[in-house]
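Undergrad: give me a 3D structure for the following:
(one chain, ligands or ions: 2)
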Amino acid sequence: MPDNADNRASLVNRQLPEMVLSTEENPLTAPRPPPEDLPVAQRAQYRFQVKGNAIITGGAGTLALEAAQALLEHGASGLALWDMQPDNAFDAIKALHAKFPDRRIMTEAVDVRDEAAIASAVESTVKVLGSIDILCCFAGVVGCTHAIEMAADEWRRTHDINLTGSFLCAQAIARQLRSQGTGGSIVFTASISAHHTNYPQPQAAYNSSKTALLSLAKSLAAEWSSYGIRVNCLSPGYMNTILNEGDGLKRARESWNGRNPMGRMGHPWELTGPLITLCSNAGRYINGTDIIVDGGAMVF
Ligand SMILES: NC(=O)c1ccc[n+]([C@@H]2O[C@H](COP(=O)([O-])OP(=O)(O)OC[C@H]3O[C@@H](n4cnc5c(N)ncnc54)[C@H](O)[C@@H]3O)[C@@H](O)[C@H]2O)c1
Ligand SMILES: OC[C@@H](O)C(O)[C@H](O)CO
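TA: Ligands and ions are numbered 1, 2, ... in the order given. Predicted coordinates:
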């Protein structure tokens, strides 16, 4: 690894790769309003229709499975649920197969920290589904350790999964979308923790990994828009999922609700409207940003 002085010298002499911005003529980023003659009844559907196939990381988790159902309801033709523990989704996937017998729904055991596993999952996903159009990154972990006590391993693991894992999956899918020439939508799951510091639970590693995701989404949106790839984040507030269950968090939950104008946690379903927006025509001009879905938790 060169030291800083060498780095600076090589930067001065290096030809930087050009960042190609999209132009008005790029068909991948054109506005695509509904055709004038589309009947009124079909215009709303056109706006929120999900086309093609989606990969969902952390696909056995609560928010991810709710997203899976929403994507199918809005028209996704196929889904690949990638998770380190895909068997946890066994019953949920059985139910999805029963509700949507005409769609292809597959699972893959993938650790999002593992580049080789991601590459092989892209290959097998494309083999089964034919192509990829959407990536939703839900894989994530949270710990509640005081920063002063935190082992370096916990810090690294949190960032490796929440931040680097999202980057590695996005990069692999962007390469696939570029080779397809189709464009697509990538959605990271950040959090209100990306915007403010959780209280009362100490979550320095989690918070900083999620804040970095916001910045990553902006950077990738800038670099990849010429391929027709939009990159955005969703920032859920406190949602009713396993992540926030357990007696240990009972007092925290009371405190979260007490500081939320709506006085309650979010239902996983309540995240799916914004997700569908980002993955459909409705979100065609939304790029490099973040949608906060928290019931107003950060207004105080
Ligand atoms: N639940 C909330 O209140 C809330 C709020 C804000 C943000 N989020 C974020 O939403 C996402 C999903 O949260 P959830 O509540 O559904 O949690 P969850 O624990 O139900 O789901 C997380 C999933 O990620 C998987 N996973 C963990 N490490 C992985 C790895 N290395 N590779 C692949 N998969 C891995 C887990 O097996 C699990 O299925 C997380 O990124 C979380 O930080 C959740
Ligand atoms: O900030 C809300 C979430 O990101 C998260 O659910 C919580 O902090 C986990 O305890």
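Undergrad: residue ranges with poor pLDDT in the chain?
TA: Low-confidence regions of the chain, defined by pLDDT under 70, span residues 1-3, 8-9.
Undergrad: can you map out the strands along the stretch 151-300 of the chain?
TA: With DSSP state E, counting those that start in this stretch, the ranges of strands along the stretch 151-300 of the chain come out as 184-189, 229-236, 290-293.
Undergrad: most tightly surrounded among those?
TA: By mean neighbour count, with neighbours taken as mean count of other Cβ atoms under 10 Å, strand 184-189 ranks first of the strands of the stretch 151-300 of the chain at a mean of 27. Using the backbone N, CA and C atoms, a C-beta is placed for each residue, glycine as well.
Undergrad: which helices and strands does it pack with?
TA: In terms of contact count using 3 or more Cβ pairs under 8 Å, 6 or more residues apart in numbering; DSSP states H and E, strand 184-189 is assigned the packing partners strand 134-137, helix 165-180, helix 204-224, strand 229-236, helix 272-279.
Undergrad: tell me which residue is most central in the protein.
TA: Against the mean C-alpha coordinate of the chain, by Cα atoms, centre = their mean, the closest residue is Phe188 at 2.5 Å.
Undergrad: so the residue in the stretch 101-250 of the chain that ligand 1 sits nearest to is in which element?
TA: Residue nearest to ligand 1 within the stretch 101-250 of the chain (Cβ to the nearest ligand atom): Gly140, separated by 2.1 Å. In this structure, Gly140 is located outside every helix and strand according to DSSP states H and E.
Undergrad: so the residue nearest to it when sequence neighbours are not counted versus ligand 2, what's the distance?
TA: The shortest distance from Gly140 to any non-neighbouring residue, by Cβ to Cβ, 6 or more residues apart in numbering, is to Asn162 (5.0 Å). Distance of Asn162 to ligand 2, given as Cβ to the nearest ligand atom, to the nearest Å: 10 Å.
Undergrad: ligand 2 contacts on the protein?
TA: Taking Cβ under 6 Å from any ligand atom, the part of the chain that reaches ligand 2 is made up of 142, 191-193, 198, 201, 203, 237-238, 243-244.
Undergrad: which residues in the stretch 1-150 of the chain form helices?
TA: Remark: helices of the stretch 1-150 of the chain, listed N- to C-terminal, are 4-13, 40-48, 62-73, 90-99, 115-129; assignment by DSSP state H, counting those that start in this stretch.
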